[in-house]
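Chemist: Sharing a sequence plus its predicted fold:
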Amino acid sequence: MCRLTRQVLGASLALLAAMAALAAPVQAAEPIRLGFLTIKTGALAAPGKEMENGILLFLEENQQTLAGRKVELTSLDTTGTPAVSLTKTRELVERAKVHVIIGPLAAFEAYAIIQYVNDNKVPLISPSAAADDLTQRKATPYFVRAASTSSQPMHPFGTYAAKTLGYKRIATIADDFAFGHELVAGFHRTFEDAGGQVVQKLWPPLGTVDFGPYMGQLKKDVDAVFGGFAGIGGVRFAKAFQEYGLKGKVAYLAGQVAVDEALLRNMGDEVLGALSTAHYSAALQNPTNQRFVQAYRQKFGQDPGYYPEGAYVAGQMLKQVLTKLGGRIEDREAFLKALREVSVPDTPAGPLRLDKHGQPVQNIYLRKVERKDGRLQNTVVHTFENISQFYTYNEAEYLKAPPYGRDVPPCKHCQ
Amino acid sequence: MQFWLIQTMNGMAFGSLLFLLASGFSLIFGLMRIVNLTHGAYFLLGAYIGLTVVVRTGSFWLAVAAAGVAVATVGVLIERFLLRRLHGRALPQVLLTLGLAFIIADGVLWVWGGDPRPIPAPPFLSGSFTLAGATFPAYRAFLFLLGLAVALLLWLLQERTRLGAMIRAGVDDQEVARAMGIPVHRIFTLVFALGAFLAALGGILGGPILGAYPGLDGDVLPLALVVVILGGLGSLGGALLGSFIIGFLHNFGQALFPDFAYFTLFLPMVLILAFRPSGLFGRW
Amino acid sequence: MAGRAVGLAAAALALLALPHVLPAYYLNLTTQILHYAVFAMSLDLLVGYAGLTSLGHGSFFGVATYAVALLNGRGITNLLAVGAVALLAATLFAAAFGLLAIRGSALGFLMITLALGQVLWGLAFRWAALTGGDNGLSGIVRPPLPFGISLQSGAGIYYFTLVAFAACWAVLWLVVRSPFGLVLIGIREQPNRMRALGFHVTAYQYAAFVIAGLFAGVSGVLYTYFNTFVHPTTLTITSSAEALLMVIAGGAGTLAGPVAGAALVVFLKNVVSAYLERWVILLGAIYVIIVLFAPGGLASVWRGAAARWFGRGGDVEPEAAEAEATAWVEAGSRPPE
């Protein structure tokens, strides 16, 4: 072989060797495929968009990279119908071949896709679907949450209302669907366990256009009214509460979403002074939240509430797990194990860790609606630390008891 | 006592609101035999346009006028360029209005976003008054009176003006009316515009109670249908009576029979239709 | 005719071969198109053939889904048992609703079907102890079939749905060509004339309503086995309105029309929605354009194109059927009652 050929050959071989060495494990070059299920059309489009904002902000802050690997986000619109939710989940798993899914928004969507997700061994981190049973009697290995259940923040609220606020008689009114039932049930149980009495429970159908008939029925001789609403119901009820003369005479205790930042930004004085509990408030003063709120305001022009915070935390959980595993999301068993044991010390809502059912144990904050800098906000007035979904109850007994519903717990003092 | 007083006043206010919502629908059907399924979307559009005007200018009454005119214009365009092509074909017209409802509703979501928005009442109507120990919002009392005023105006229009006479002639017999030189096509457009105007009025005037949010159209359209079916399509008096019957039934039904809350609206409608298919005062 | 037979055979072969050609995701979409097509075809019997526009057809679809789910909840999963009960439930509800709805006026029919649908929805939503309320009912098991055929795979449920779809198509094809079907078309076009000729118009309409309810029930069963989850959304006005959209956009009064319409809506909802956030506006716009310019739907557009290319194709056109019905009726014969 002539000298030139040998040189060329040698150089080529050296080049090849160098390339082989530099071409690190294929995994590092392949992106992490993140699926995101949210709602972009229909009545739930607003919270759906906000949820997406949360994950977009998180990824932007991390330069679309987690544990050294690029993240490819596929965000799909489930339109809020179970059949489409399932189809979109399939699309994420079968077409986009995602490694993990964050979502969905609504509880019934979670119920619709949970079997598929488990059968196909795709981990699901839910930032929003709050149905209690998803991490209780119907818990599955591939489902974890990044936010509270419906009743989780209501448990400490009931105790507080009875013991600290000294309320003796309360009437409840809530949207007549599973979320509303669970909100009221959590409050009802602990309120009565602490010595209070729930004397009336009203259930306007979801989407009731006029609260007039209910305002006429609400008992006026109570210490407070507990309102468990989602969406426009929270807005309408707060107004009716004031218009029918209850404000000032009777306290308004609200579920977490009835005074969510998304609603507060459009509401007025009628809701001042309302107390509520939730795992988050945009007014929390910890450094992570201050940065989070600042960044969210800058990017989206609004304050973040329940929905974007949940998605952001889901992103944080994912980052924590991936960092621990060195980015090896392909090792499904290890990933799932690490996910179920995740603990994030610095979410915007404070420290968070998962219990063995995949549900966060986290702080619950008592908030009061106040005006600051011309804006309404949920000022934090008290912190209940380390609240689990079972509160102070015995877990085994809790799970054996029937799930919360319209008549669970039963209204013993209803008149 | 307080309970009966508040529920009665609620029923009256809600009845008026329903009339504002249903009168436009009844008017359009009465003359043109079109089941205008876009009606909820006009209501929705009126609410949002009104909201924007209130927020920008602070004037509720300007918002009412703007919403009415804007949606009436949309109605005119739809009638002139789309519905008229399907003249005389009832089913395609209904289907067209259904498709348009989808488009307008999603368009509203696109433009205004999905946040539920309360609509502020004019300041001097924002308070409450107390009657025999029961507190009641001033705005609802106002709405009750306004509904009656609108009913009166519409009745005057129908019975005492030349336009009204032409409309009534068109309702009775289109062909003869046309033969007599009545410009039926132009009347159609006018009536459709009026129907859309009334829907938008309902949206913004009802706003302080209902608010504006995606899905409002789907929540109010069944109410309009129930009222006009009960009262009879094509009859203004029927729409008024139907509104108040439903207003009272709904209020007392929800309070006295909470387990049947979902049925207090539709069950009466089904029963009436089963025994009197043309409604209480139907003219078709 | 030969051209049409060849076309059908080709389509059948293509459908049978799909699982080997299409990726799983698209196969699943096709399965959905098939069960929604059965739903749309059942509504078409009412809208396109009997001339009755219903905005509550989702009722019977939904009733069947809940029947399957409730039996599953009690451990009954045998296909024949579950299918029979679900179809019976759908048919009984249709029989009951039909008594109230068939009142001689098209508008009254529209309103009553809508109202009854709302009542049923309210029941499903509120009676949470039975129906799971807005959480729905999950964990439905696809039934084991004899000879070890499994429905667990995408291909399995696809073939199952395909066979059911083909059977429904065949039966409906026979129905619309039967004397019964021809009378329906006659009633749609000229109800007074038919009445004058001695046909009991209301009875025929009622029969069509019940049959439509039965087939809606079939689609409900297929839907439930596919999704393994049921929810009150199937009973909403939106669900019934979507079915109506499928029928009209595809072409009322034909059998292929509803299938095309189902494909259109499924495609827009599931595929286009990934690329276009305002897919609802697109759906509405397509629908409006069809109503304005192609009232016979996609089927008529296809037929027009096919006529230019291949000579006449498609199944019984409404005008031809009407002429046939009228001629037959005028010859003085009456169908067996």
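Modeler: It's in.
Chemist: Would you mind listing what in the stretch 101-250 of chain B touches chain A?
Modeler: Within the stretch 101-250 of chain B, the positions adjacent to chain A are B:106, B:109, B:113-118, B:120, B:128, B:130, B:135-137, B:139-140, B:208-211, B:213-215, B:219-220, B:223, B:250 by Cβ under 8 Å from any Cβ of the partner chain. Any C-beta I mention is one placed from the backbone N, CA and C, and that applies to glycine too.
Chemist: Recalculate using a threshold of 7 Å.
Modeler: B:106, B:109, B:113-118, B:128, B:135-137, B:209-211, B:213-215, B:219-220, B:250 (Cβ under 7 Å from any Cβ of the partner chain).
Chemist: Can you give the contact residues for stretch B:64-73?
Modeler: By Cβ atoms under 7 Å, 6 or more residues apart in numbering or on different chains, the surrounding residues in contact with stretch B:64-73 are B:42, B:45-46, B:49-50, B:53, B:193, B:196-197, B:199-201, B:203-205.
Chemist: For chain C, what's the nearest residue on the stretch 151-284 of chain B?
Modeler: Chain C sits closest to B:Tyr262 of the stretch 151-284 of chain B, with a gap of 2.9 Å, by Cβ to the nearest Cβ.
Chemist: excluding its backbone neighbours, what's nearest that residue?
Modeler: Nearest residue to B:Tyr262, sequence neighbours excluded (Cβ to Cβ, 6 or more residues apart in numbering or on different chains): C:Gly122, at 2.9 Å.
Chemist: gap between that neighbour and B:Leu267?
Modeler: 9 Å (Cβ to Cβ, to the nearest Å).
Chemist: repeat for C:Phe293
Modeler: Distance of C:Phe293 to B:Leu267, given as Cβ to Cβ: 41 Å.
Chemist: Leaving out sequence neighbours, find the closest residue to residue 221.
Modeler: I went with chain A, as the question did not name one. A:Arg169 (7.2 Å).
Chemist: that's the wrong chain, I meant chain B
Modeler: Spatial nearest neighbour of B:Leu221, chain neighbours left out: B:Gly40 (3.3 Å); criterion: Cβ to Cβ, 6+ apart.
Chemist: What's the local residue count around the one you found?
Modeler: For B:Gly40, the neighbour count with other Cβ atoms under 10 Å in any protein chain shown is 27.
Chemist: which parts of the stretch 151-300 of chain C sit against chain B?
Modeler: For the stretch 151-300 of chain C, the residues in contact with chain B (Cβ under 7 Å from any Cβ) are C:241, C:248, C:278, C:280-281, C:283-285, C:287-288, C:291-292, C:295.
Chemist: one more time with 10 Å
Modeler: The stretch 151-300 of chain C comes close to chain B at residues C:236-238, C:241-242, C:244-245, C:247-249, C:252, C:277-293, C:295, as judged by Cβ under 10 Å from any Cβ of the partner chain.
Chemist: Quick check: which ranges of chain B have low pLDDT?
Modeler: For chain B, the stretches with pLDDT under 70 are B:233, B:279, B:281-284.
Chemist: quick one: the closest residue to chain B within chain C from A:Asp223, how far?
Modeler: Going by Cβ to the nearest Cβ, chain B is nearest to C:Gly122 of chain C, at 2.9 Å. When distance is defined by Cβ to Cβ, C:Gly122 is 33 Å away from A:Asp223.
Chemist: Repeat that for B:Gly107.
Modeler: Using Cβ to Cβ, B:Gly107 is found at 46 Å from A:Asp223.
Chemist: Would you check how far apart A:Pro402 and C:Phe125 are?
Modeler: Distance of A:Pro402 to C:Phe125, given as Cβ to Cβ: 20 Å.
Chemist: Helices of the stretch 301-415 of chain A, start to end?
Modeler: Using DSSP state H, counting those that start in this stretch, the helices found in the stretch 301-415 of chain A span residues A:306-324, A:332-340, A:395-400.
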